[in-house]
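Student: coords please:
(chains A and B)
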Amino acid sequence: MTGELAAPHPVLGAVVVLGVLLIGAAVVTTADAVVADRVAGRGLGLRTSLVRPWRRIALALVRPQPVTERPDWGLWVLAPATYVGMAALAVSVLPLGTDWAVADVRTGIVVLGSAEVLAMVAVFLHGWAPNSPLALVGAYRFVAAGLSFLLLSMFVLIAAALPAESMSLGRIVASQQEGVWNVLRQPLGMPLFLVVALSVSLHGPLDMADGTELATGTVAESSGPARLAWEFGRRAMLTAYALATAVVFLAGPTGPVLPGWVWLAVKAIAVAVVLVWCGHRLGRIGIERYVRLAWTVLLPLSFLHLAIAGVAALA
Amino acid sequence: MAVMDRLRRVAATAPVPVSVALGHGADAVLAELRADARVDVTASPRHATVLVVAGHVPEAAVAALGRVHDQVPAPRATVVVDGDPARLDLPAATATTRAALVDELVRVHAAVVTGQRHDSPVGPADNPVDWQGIGPHGQGGEGMMGGVPWGRPMAMPPTAGRDGLALDRLALVVGPFLAVLPPMLEVEVGLQGDVLEDVELRTVPPDPHAPTPPPTAVDSGLVALAELLALVGLGALATTAARLARTPDRRVEDVAALRHRLDRPWGLRLGTDDLGRLDLPGVAPDPTDRWRDWLASAASTAVGDTHHAPGPVATDEVASQLVGMEVGHAVLTLVTLRPQLAASAVAPAVSS
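Tutor: Reported below is the predicted structural model:
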């Protein structure tokens, strides 16, 4: 693999991205249900654990969306669409096979970073639109957290680009094939990027916008298909970041015998299961503690990580 | 239509999303619902199909209960546990017993989803205060930030010298049925962004001749722990805690196993360490120590020791210590005081 990737026809590319997000969201939902039932020790059996989420989806499809006092309907509809759109944007620049990506851009990590920034806008609008206080508090809280994890993401992605001497995600995969996978070459990078993945996808201990203590925050006023769309967006975003983690740190589609896309799927599913498991075992951290931890520990660590990667690239 | 009918039939078999409105002495019902896999306890009434009313709801809280009822999206249904729906102004509600509750919920949920049941709203169809309809945006006053639409204070009062950067104070009253708060607790706050500028806590006491709730074997500390776990996103572990809470002959090993899972820096402590210490008589200052006390108490009752119910706390002293906290942080703090606040609602403490 040279790092140069072929791109399918745009229409086919759009279908592929949508398919990846739908399958990814289904995998995350299933993993979440199975892990939850195992942690709870319900003893329901695997079949019941697998079926229950689909019944919940059917329920969401037949429930209505309540009307709040003077909501901004336009933004309320646009927010989940934008959030899913940002997950799609992130997936579109990732190498999904050994020699192809939906959009092979030379500045792939910049596109990934842009998706995070615009996801922050989508989450804020989702909290703003219902005209409800707890939803709005969730929105503000996510913006406060966002400023912390966006810098983290930037440093980690730049560090991954240094050995590849390129911001192309295809080149980053190629550099791992030629040398050592980034998970070993840059050991701080993957844990820091997983923090970003949990934060931007509103999952587990870093779900700052939709926490239960805010009666589920930005989603507190949503029901029926509107809530389903938002929950799909969260899982689609987790899928995008599980794939991005696999590409940036686990050499993406690289692997013997099996096709590249199979290897990528296996690695991304493993990352997603780890993230889902974290959500059921780690308590949600308070926003003040999170911001303090981000600025005093995680950001200095990410800067150190970048400095080490820079020195290694020059050596 | 055939597709929708098929969807409705599948939806009817989904776990029942219930919003729980808790009165006094309803811990047993809450533990029952959290522990049962056929039920999902929701944090917002918007996510529910059925409202469950449990415990003694005082007369003073009946109007608030009606508002929660109407927040469950239609079609909806209400189930009252061991109570009289008519007394609660919910004439269409189903009355049931604690023993039959979950079976009844499954039946009522299926009826709601398949279109055979819908409880009408009990409040007015529109807001009781007319929309003023004046101003350039219909907001009820002059200028973008003028007016008080529907009599509700806005986050943007007309303050002199605004620089466009500082957020304005938002006045907010939540409770006494907010699912994430201890039961019968009403909180009036002034928010600056997500920070509490001023706080007033009010508990709604039982009616003078309210029936004494029957004694149960449910451990109120473990119920509080289940609620705390649900609050920090550990819903699956909340199920485990609730199951232990309702087990009369719980084993000390099971309590120890739960503590082993929670009492580690990356477990529940990730959510409760560094929450800030409280200076209240009879209450552990550290929030992590408060839930450790619940587990220690559950372990000691499991080996046959007598359970000592926690005493009440003075709500004004709690309120004064919440000022300056972030709103989620304050809610977590209140949940770690759940047993004491429940005692305060029945027999208020006097400030020291």
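Student: near chain B, anything from stretch A:202-215?
Tutor: Yes - on the criterion Cβ under 8 Å from any Cβ of the partner chain, stretch A:202-215 is in touch with chain B at A:Gly204, A:Pro205, A:Asp207, A:Gly211, A:Thr212, A:Glu213, A:Leu214, A:Ala215. Glycine gets a C-beta too; all of them are placed from N, C-alpha and C.
Student: are any of those residues buried, and if so which?
Tutor: Using 16 or more other Cβ atoms under 10 Å in any protein chain shown as the burial test, those include A:Gly204, A:Pro205, A:Asp207, A:Gly211, A:Thr212, A:Glu213, A:Leu214, A:Ala215 as buried.
Student: in chain B, where's the longest helix?
Tutor: Looking across chain B with DSSP state H, the single longest helix is helix B:287-302.
Student: where's it relative to the chain centroid, distance-wise?
Tutor: Relative to its chain's centre, helix B:287-302 lies at 22 Å (Cα atoms, centre = their mean, to the nearest Å).
Student: residues contacting the nearest residue to B:Arg269 once chain neighbours are set aside?
Tutor: Nearest residue to B:Arg269, sequence neighbours excluded (Cβ to Cβ, 6 or more residues apart in numbering or on different chains): B:Thr288, at 5.6 Å. Going by Cβ atoms under 8 Å, 6 or more residues apart in numbering or on different chains, B:Thr288 touches B:Leu268, B:Arg269, B:Thr272, B:Asp273, B:Leu275.
Student: mind listing what the second one touches?
Tutor: Same thing as B:Arg269. B:Arg269 is in contact with A:Gly283, B:Leu262, B:Asp263, B:Thr288, counting by Cβ under 8 Å, 6+ apart.
Student: out of the residues you listed, which are inside strands?
Tutor: Of the contacts of B:Arg269, none are assigned to strands by DSSP state E.
Student: enumerate the positions of the longest helix of chain B that are buried.
Tutor: Quick answer for helix B:287-302 (16+ other Cβ under 10 Å): B:287-288, B:290-295, B:297-299, B:301-302.
Student: so which elements touch whichever helix or strand comes after that helix?
Tutor: Where DSSP states H and E defines the elements, the next helix or strand beyond helix B:287-302 is helix B:315-322. Applying 3 or more Cβ pairs under 8 Å, 6 or more residues apart in numbering or on different chains; DSSP states H and E, one finds that helix B:315-322 makes contact with strand B:195-203, helix B:327-335, helix B:338-346.
Student: can you list the residues of the stretch 251-352 of chain B near chain A?
Tutor: By Cβ under 8 Å from any Cβ, the residues of the stretch 251-352 of chain B that approach chain A are B:261, B:266-275, B:326-329, B:331-332.
Student: would you format the helices and strands packed on helix B:315-322 as a markdown table with mean pLDDT and distance to B:Leu229 included?
Tutor: Shown next, in a markdown table, are the helices and strands packed on helix B:315-322 (pLDDT from 0 to 100; distance: least, Cβ to Cβ, whole Å):
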| stretch | mean pLDDT | distance to B:Leu229 |
| --- | --- | --- |
| strand B:195-203 | 90 | 23 |
| helix B:327-335 | 91 | 10 |
| helix B:338-346 | 84 | 12 |
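Student: now, of the ones you listed, which is deepest in the fold?
Tutor: Stretch with highest mean neighbour count among the helices and strands packed on helix B:315-322: helix B:327-335 (a mean of 24; mean count of other Cβ atoms under 10 Å in any protein chain shown).
Student: next, count neighbours for whatever residue of the stretch 251-352 of chain B ends up closest to chain A.
Tutor: Closest residue of the stretch 251-352 of chain B to chain A, Cβ to the nearest Cβ: B:Gly271 (3.3 Å). By other Cβ atoms under 10 Å in any protein chain shown, the residues close to B:Gly271 number 27.
Student: for it, helix, strand, or coil?
Tutor: In three-state terms, and counting by DSSP: H, G, I helix; E, B strand; the rest coil, B:Gly271 is helix.
Student: what sits against it?
Tutor: A:Pro205, A:Gly283, A:Arg284, A:Ile285, A:Gly286, B:Leu231, B:Val232, B:Gly233, B:Leu332 are the contacts of B:Gly271 under Cβ under 8 Å, 6+ apart.
Student: ok, now which ones touch the last one?
Tutor: Translated: B:Leu332. Contacts of B:Leu332 (Cβ under 8 Å, 6+ apart): A:Glu213, A:Gly286, B:Leu228, B:Leu231, B:Val232, B:Gly271, B:Thr272, B:Leu275, B:Pro287.
Student: how close does the nearest residue to the third one once chain neighbours are set aside get to B:Arg246?
Tutor: Spelled out, that is B:Leu228. Nearest non-adjacent residue to B:Leu228, counting by Cβ to Cβ, 6+ apart: B:Val335, 5.2 Å away. Counting by Cβ to Cβ, to the nearest Å, the separation of B:Val335 from B:Arg246 is 19 Å.
Student: again with A:Gly45
Tutor: 22 Å.
Student: neighbour count: the two, which is higher?
Tutor: Using other Cβ under 10 Å, the more surrounded residue of A:Gly45 and B:Arg246 is B:Arg246, with 23 against 10.
Student: isn't that one up against B:Leu33?
Tutor: No - using Cβ atoms under 8 Å, B:Arg246 makes no contact with B:Leu33, being 10.1 Å away.
Student: which parts of the stretch 1-150 of chain B sit against chain A?
Tutor: That would be B:4, B:7-8, B:10-11, B:13-15, B:17, B:37, B:40, B:43-44, B:46-47, B:49, B:71, B:73-74, B:113, B:127, B:149-150, which are the residues of the stretch 1-150 of chain B within reach of chain A (Cβ under 8 Å from any Cβ).
Student: in PyMOL, select just the buried ones from the residues you listed.
Tutor: What follows is the PyMOL syntax selecting those of the residues of the stretch 1-150 of chain B next to chain A that are buried according to 16+ other Cβ under 10 Å:
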select buried, chain B and resi 7+8+10+11+13+14+15+17+37+40+43+44+46+47+49+71+73+113+149
